[in-house]
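J.: can you look at this prediction? I've put the sequence above it.
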Amino acid sequence: MTSVDVPVEAEDSGPSGYAAARLRLLQDGEARSGPPRRAALAELTDDWLAGLFGAAAAELRGVSLVAVGGYGRGELSPRSDLDLLLLHDGSAAPGAVASLADRLWYPVWDLGLDLDHSVRTPAEARKTAAEDLKVQLGLLDARHVAGDLGLTASLRTAVLADWRNQAPGRLPQLRELCEERAARQGELQFLLEPDLKEARGGLRDATALRAVAASWLADAPRAGLAEARRRLLDVRDALHLTTGRATDRLALQEQTQVAEELGLLDSDALLRQVYEAARTLSYASDVTWREVGRVLRARSARPRLRSLLGGRGGGKPAPERTPLAEGVVEQDGEVVLARTARPDRDPVLPLRAAAAAAQAGLPLSLHAVRRLATAAKPLPAPWPAEAREQLVTLLGAGPATVDVWEALEAEGLISRLLPDWERVRCRPQRNPVHTWTVDRHLVETAVRAAALTRRVGRPDLLLVAALLHDIGKGWPGDHSVAGEVIAKDVAARIGFDTDDVAVLARLVRHHLLLVETATRRDLDDPATVESVAESVGSASALELLHALTEADALATGPAAWSAWRASLVADLVARVGAVLAGDPPPQPAAAPTTAEQERLVVEAHRTGGPVLALRAQTEGADADGEEPLGVELQIAVPDQPGVLPAVAGVLALHRLTVRTAEVSILDLPDEVPADGSLLFLDWRVATEFGSLPQAARLRADLVRALDGTLDIPARLAERDAAYPRRRGAPAPPPRVTVAAAGSRRATVIEVRAQDAPGLLHRIGRALEASGVRVRSAHASTLGANAVDAFYVTGVDGEPLPARAALEVARGVEEALRG
């Protein structure tokens, strides 16, 4: 092992000398980091503990100090705990052993180091290991520190023998532990704030793979494994140094400092390295556990086979091989290459094997993938028709596509087939609404699109568009614009004709068009529908874009799609489809006043205050009827300043999220004498959590907000102080713009900001202060990001002049930043 600059023996061998040498080692980041520093720290600690042991155990025999777990592997991070076993053969008096333990443990505690300790005989250690799998895993890395070397060596030999003898029963338990941990912690390669140790693909899984290898029952793929483990350990070291804490969670607020400590460009580069390492470990785990299962099944089948043969001997039976495609067969539950397969002469073989595996719902064997990666002949450009068809077949296989795609990617085949893939590979997405990295999101979108292929006339274009729709996120600027250029190049390379290339490019360019328009624009405005129809171009493209929109949203995460969003998109598609069919866009007509609206208006006129009604909207709910479109909130109130911010603020206090908001002036019934105008608000809201508040409580708070006795900003501030949100990375500042050609009937002000309680209230106050009238509002929230559109007019009911619109936008932005 590497020694430190100043050996601990050269100084005071007590705690202060060790602490000073430890501090120098950890501060000497430029000269030593990574594995050398971890090894040096372990050696420094060994020397110190050996000195303590020698001074305290001079008269004792049959005693040794053993490092286990991460310390046993010589991998001490700056704030790692010390896993120690005081081993004795039972010959010493119990009091003497206990006194020795105290003289070892207390100096460790005095330095503030975490300690996991135990005192056992070899028999007790083996018994505990047999009862506790985690103890057994720690003992597999046992390493002698001080004392009786023979005692430590005999324990190591016995523990390894026990592990190998018990492996058929222990490995399934270890696999179950790994799966339970993954279910709790999630997948390291997709988390924005991952636990480097506990998440799937983390350091715990690396330890599990070592344990499987030690069993001699199966082994993990070695390629890249040591480097992936080293990278995660380096990140944990930097995390410990920057935070000064023994933590394994890479929180958002720590990532920039950790990246700087490691000499990386930024936090995205850090996450990408972490994700790549986790992906290597996850794939190795999948392959290893599959091999463990195969070996255990084979072992259990041998006694039955011998029984069927009447105890007769004989050679091992040849495995059954079932043809799946040309050059591809199934054997032992995996897809392998046929004996006659010639990858060096068959450039389509990788895609054909992958498509066959996905369609059969079987994994590609590691040996087959590696052979394809090393021997396969490159595809010509453009691809032959069979290659394109096999790609579409692979993408259309549904959920089975994911594992096959990951196997190809692990060996570099995807980047070879699609060079542009490398830019999105393992690329993090900072918006928490996204579940996956960019590349995995693209594959998941194809999986979702596979279930929608019966809705479109060109399933091949839908699936390829799903795979490419976010490919531009690897480039600067608007990813839709960049993606359009890349999609043209990729589509031509894989053999689509000119017309299909144009359709794919259009789908990628406008893959956000439908959902953004449906949730942020007034669909009753003819300009909205005409603009979408012009961008889409044809009914067939609209059909594909509708399916792509749904697949993209479903693959993004649960917050990106709902019955409400689906209904708005379907409404927009129907309107655009009519225009593309040659029908003129419907002109908005004043909706007839309903009996409920008339009742509210009359009551508001009679009382001189607000009157409201709440009603659940269930039409268009999901297939099970479990997800309503939201709640319809109708309010009639005498026209006065401050109505919009007052209503928005009261809803925020009651934890109601605004989806859409329409504001209009209603004429009073003929029998009611008019002495002023009445505003009618027709809003769609949804509860953040819990049950819907009572209408009477909403009305009471609205009355107080309008007369000034309810201080909404103060109440919201009190709630934030009582339930502070977790501190994370700083949010980008809000941005307010005027949407170009958004409407001919109003000016569209678009607000992009960090979502927060009372955001709509603050925007409403800023718009009131600017002297404009709000005709309607369309709120869209994805994760922590709010994108709200406000249709405003002047007091004359006409759209604002360009200069005035810019002044309004600037005023709202300043108010939100203040």
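T.: The structure has been received and is ready for your questions. Numbering: from 1, shown residues only.
J.: so which residues of the stretch 201-350 of the chain form helices?
T.: Along the stretch 201-350 of the chain, counting by DSSP state H, counting those that start in this stretch, helices occupy 203-214, 225-243, 252-261, 267-308, 349-360.
J.: for the lowest-mean-pLDDT helix or strand in the chain, C-alpha coordinates in CSV please.
T.: Within the chain, confidence by mean pLDDT, DSSP states H and E is lowest for strand 656-666 among all helices and strands, at a mean of 79. C-alpha atoms of strand 656-666 as CSV (Å, rounded to 0.1, in the frame of the first residue of the first chain):
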residue,chain,number,x,y,z
LEU,A,656,-55.9,24.4,-5.0
THR,A,657,-54.0,24.4,-8.3
VAL,A,658,-55.4,26.5,-11.2
ARG,A,659,-55.4,24.8,-14.6
THR,A,660,-57.4,27.3,-16.7
ALA,A,661,-59.1,30.5,-15.9
GLU,A,662,-61.7,32.4,-18.0
VAL,A,663,-62.9,35.9,-17.1
SER,A,664,-65.9,37.5,-18.7
ILE,A,665,-68.5,40.2,-18.2
LEU,A,666,-72.0,38.9,-18.1
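J.: ok, back up a step: most tightly packed of the helices of the stretch 201-350 of the chain?
T.: helix 349-360 (a mean of 26; mean count of other Cβ atoms under 10 Å). All C-beta spots, glycine's among them, are computed from the backbone N, C-alpha and C.
J.: got the angle for the following helix or strand past it vs helix 267-308?
T.: Later in the chain than helix 349-360, the nearest helix or strand by DSSP states H and E is helix 366-375. Relative orientation of helix 366-375 versus helix 267-308 (axes from the mean of the first three to the mean of the last three Cα atoms, to 10 degrees): 130 degrees.
J.: other SSEs contacting helix 366-375?
T.: If contacts are counted by 3 or more Cβ pairs under 8 Å, 6 or more residues apart in numbering; DSSP states H and E, helix 366-375 sits against strand 334-337, helix 349-360, helix 400-410, helix 413-417.
J.: figure out which of these is closest to Leu513.
T.: helix 400-410 (26.1 Å; Cβ to Cβ).
J.: wait, Asp571 touches Asp522, no?
T.: No - Asp571 lies out of contact with Asp522 (Cβ atoms under 8 Å); the separation is 11.8 Å.
J.: more neighbours: which of those two?
T.: Asp522 (24 against 13; other Cβ atoms under 10 Å).
J.: you'd agree the more buried one is in a strand?
T.: No - applying DSSP: H, G, I helix; E, B strand; the rest coil, one finds Asp522 to be coil, outside a strand.
J.: which parts of the stretch 651-800 of the chain are strands?
T.: 656-666, 678-687, 735-738, 747-754, 773-782, 785-793 (DSSP state E, counting those that start in this stretch).
J.: output the contacting helices and strands for the fourth one.
T.: When contacts are defined as 3+ Cβ pairs under 8 Å, 6+ apart, strand 747-754 packs onto strand 735-738, helix 759-770, strand 785-793, helix 802-817.
J.: quick one: closest of the ones you listed to Trp216.
T.: Taking Cβ to Cβ, strand 785-793 is the member of the helices and strands packed on strand 747-754 nearest to Trp216, at 51.9 Å.
J.: what lies in contact with stretch 703-712?
T.: With contacts defined as Cβ atoms under 8 Å, 6 or more residues apart in numbering, stretch 703-712 is touched by 609-610, 637, 640, 642-643, 645-647, 649-650, 652-653, 701, 758, 761.
J.: same deal with stretch 87-98?
T.: Taking Cβ under 8 Å, 6+ apart as the rule, stretch 87-98 contacts 60-66, 86, 119-122, 125, 147-148, 151-152, 155.
J.: quick one: contacts for the spatially closest residue to Ala539 that is not a sequence neighbour?
T.: Distances taken as Cβ to Cβ, 6 or more residues apart in numbering put Leu580 closest to Ala539, at 4.9 Å, once the chain neighbours are dropped. With contact set as Cβ under 8 Å, 6+ apart, Leu580 has these partners: 533, 536, 538-539, 542.
J.: quick revisit: just the ones in helices from the contacts of stretch 703-712, please.
T.: Judged by DSSP state H, the subset of the contacts of stretch 703-712 located in helices is 643, 645-647, 649-650, 652-653, 701, 761.
J.: distance to Arg204 and neighbour count for those residues - can I get that in a markdown table?
T.: Listed next are the ones in helices among the contacts of stretch 703-712 as a markdown table, based on distance: Cβ to Cβ, whole Å; neighbours: other Cβ atoms under 10 Å:
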| residue | distance to Arg204 | neighbour count |
| --- | --- | --- |
| Val643 | 56 | 22 |
| Pro645 | 51 | 23 |
| Ala646 | 53 | 27 |
| Val647 | 51 | 29 |
| Gly649 | 47 | 27 |
| Val650 | 48 | 28 |
| Ala652 | 42 | 23 |
| Leu653 | 44 | 21 |
| Asp701 | 50 | 20 |
| His761 | 46 | 24 |
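J.: just the residues you listed now: which is nearest Arg342?
T.: The shortest approach to Arg342 among the ones in helices among the contacts of stretch 703-712 belongs to Ala652, at 67.0 Å (Cβ to Cβ).
J.: read off the pLDDT value for that closest one.
T.: Looking at Ala652, its pLDDT is 90.
J.: now it: closest residue in space that isn't a chain neighbour?
T.: Counting by Cβ to Cβ, 6+ apart, Ala652 lies nearest to Gly758, which is 4.5 Å off, once chain neighbours are set aside.
J.: out of the contacts of Leu580, which sit inside helices?
T.: Filtering the contacts of Leu580 for helices - DSSP H - leaves 533, 536, 539, 542.
J.: farthest pair within those?
T.: Ala533 and Ala539 (9.8 Å).
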